[in-house]
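# Sequence and computational prediction follow.
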Amino acid sequence: MSLATARALSCHPASGFFARVTEAVRAPSSAIEVTARSRVGGRAIDPGLYRVRVDEARERIVLENDDRTYALTAFFRRSKVISQYPTTASLEQGDDGRTFVVVRFSNGCEWVA
């Protein structure tokens, strides 16, 4: 086959040129434990242990366990604290008493909901 008749592949991940990966492989996760019912990102979160992952395409932090799934609207920013682990998630209290979910990556960025 000559190059003139070869099918061109774009660099888009859905073109078949790149291996397809599942969402779990693409987005590393960690866990947080919510000890009491609290409001995070405008949603009431029930107590429990939640897996935390970031859905960058929809700009959401997803909390999920066997019973429930919460998708919280989040925003991206550069972190002043660089995590030594690939992904860390924590609940942090704001100055005004609000609770935030913060997911930090080792490359110096974080998502906050």
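Noted; the coordinates are in hand.
# so who does the residue positioned nearest the centre of the chain touch?
When the chain is reduced to its mean C-alpha position, the nearest residue by C-alpha atoms, centre = their mean turns out to be Val54, at 1.0 Å. Val54 makes contact with 27, 60-62, 74, 103, 111, according to C-beta atoms under 8 Å, 6 or more residues apart in numbering. Every residue, glycine included, has its C-beta placed from N, CA and C.
# Give the bridge partners for it, please.
The residues paired with Val54 through beta bridges, assigned by DSSP bridges, are Ile61.
# one step back: name the member of the contacts of Val54 with the most neighbours.
Tallying neighbours with other C-beta atoms under 10 Å puts Val103 at the head of the contacts of Val54, with 26 neighbours.
# in the protein, which helix or strand is least confident?
helix 23-26 (a mean of 46; mean pLDDT, DSSP states H and E).
# one step back: show me which of the contacts of Val54 is closest to Gly48.
Compare each of the contacts of Val54 with Gly48 using C-beta to C-beta and the shortest gap goes to Val62, at 14.3 Å.
# just checking, that closest one touches Asp55?
Yes - judged on C-beta atoms under 8 Å, Val62 makes contact with Asp55 at a distance of 5.6 Å.
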